[in-house]
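[1] Give me the fold of what follows.
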Amino acid sequence: MKIGIRLWNSGAGEAPRSNRCSSLQLRVAVGMVALLVCIRGPLCFGSASPELVSGAKTEVPFELYNDNLIIVRATIGAIKNVNMILDTGTSPSAISKEMADRLRVRGKTETLQTLKGPIQAQSIILPHIQIGTLRGDSIRVVVQDLSFMERSLGISLGGIAGLDILSTGSFTIDYRRRKIVLGAIAASAKQIRFDTQVPLLTVTVKIEGQEVRLLVDSGTWGLLVYRNRLRTAQRQLQFDTNASISTAGGMTQVRWFRAVVSLGNDNMGTRSVGIADVNPDPQNGFDGLLGFAKMGFRKVSFDFENGLFGWE
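    Next up is the predicted model:
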């Protein structure tokens, strides 16, 4: 799971209160999530598997905040119409402290490994969660303080729906129509096999001909690579004193450079690549994050039956 990654411009003032952001805010709002690898132990995989209520394709509408954050409506326990972030780069899923209080559920303390070191988090068993026709019972999640995210977005949040819930059935994120389409994925010319699917999704991306393994992350703005994972000349990097990433361990600076990017057989041309001033353990299995908003993707698909990531 990832926690609280956000590229922020200290001179831009308070975060936007709606999903209508200025061009400046869109440039500096990278995403919410990051950098939590996994809770040690069985929590990474959950204690029960959600399932689709019906085999037919169904659609779930979503709101797009900061031009990249997907907010869906969910039912958690007996509480309906709860705002949840849909985040393919998070596992396990999380609920807010306020939601845990409303549900009157208590759990146990677990060790959560972040890029900045281990932290303690409470894990609980949710009696029920449903997003559209995706439903599960007795789902193990962590409790997280989401108050900073709520203030930034100007909405209440019940939690973050992560890969442990989402990976139980294939789905497509349609950014043009603002719909999550649950169901089988049609074959496409622009597809690449996942390098890993458990506990998180990764794919191989080429940046200036160099291969890096990136976390496939709907909660991140664009391309972000950790320090020392790419051979780049220092003169290529542009430093923005107003831009930084807020993580569970504090603020981290980001530098930028322009590079030719390829995903599978798709040469995507020259793109902005962020270099984050963190260098987590390579054993975590990935070198950075692949977001969608600034990659120009109109749709992204997650075909778990065939192990494929697709885009157009």
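
[2] which residues in the chain form helices?
    For the chain, helices defined by DSSP state H occupy the ranges 23-28, 97-103, 147-153, 163-166.

[3] Which stretch among those helices is buried most, on average?
    With neighbours defined as mean count of other CB atoms under 10 Å, the helices of the chain peak in mean count at helix 163-166, which reaches a mean of 27. No exception for glycine: its C-beta is placed from N, CA and C like everyone else's.

[4] chain center to that helix: distance?
    A distance of 11 Å separates the C-alpha centroid of helix 163-166 from that of its chain, computed with CA atoms, centre = their mean, to the nearest Å.

[5] Quick check: mean pLDDT of that helix?
    For helix 163-166, the mean pLDDT works out to 91.

[6] so residue 110 touches residue 118, yeah?
    No: in this structure residue 110 lies outside contact range of residue 118 using CB atoms under 8 Å: 10.1 Å.

[7] Tell me which of those two has more neighbours.
    Each of residue 110 and residue 118 had its neighbours counted (other CB atoms under 10 Å), and the higher figure belongs to residue 110 (18 against 11).

[8] quick one: low-confidence parts of the stretch 1-150 of the chain?
    Low-confidence segments of the stretch 1-150 of the chain, defined by pLDDT under 70, span residues 1-56, 113-117.

[9] redo that, cut-off 50
    Applying pLDDT under 50 to the predicted model, the residue ranges of the stretch 1-150 of the chain that meet it are 1-47, 54.

[10] quick one, domains of this protein?
    What the record gives for the chain is the domain set 7-182, 191-311, from automatic domain parsing.

[11] Number of residues surrounding residue 304?
    Summarising burial for residue 304: neighbours were counted as other CB under 10 Å, giving 17.

[12] likewise the one 4 residues further on?
    A count of nearby residues for residue 308, using other CB under 10 Å, gives 19.

[13] repeat for residue 79
    Residues lying near residue 79 (other CB under 10 Å) number 13.

[14] how far does stretch 303-312 sit from the chain's center?
    Here stretch 303-312 is found 17 Å from its chain centre; the criterion is CA atoms, centre = their mean.

[15] my bad, should have said stretch 84-104
    Between the mean C-alpha point of stretch 84-104 and the mean C-alpha point of its chain there is a distance of 13 Å (CA atoms, centre = their mean).

[16] before we move on, what about stretch 158-168?
    Using CA atoms, centre = their mean, we find the averaged C-alpha position of stretch 158-168 to lie 10 Å away from the chain's own average C-alpha position.

[17] Can you get me a residue count around the closest residue to residue 96 other than its chain neighbours?
    Spatial nearest neighbour of residue 96, chain neighbours left out: residue 146 (4.3 Å); criterion: CB to CB, 6 or more residues apart in numbering. Per other CB under 10 Å, the neighbour tally for residue 146 reads 26.

[18] for the one 10 residues further on, same thing?
    When neighbours are defined as other CB under 10 Å, residue 156 has 12 of them.
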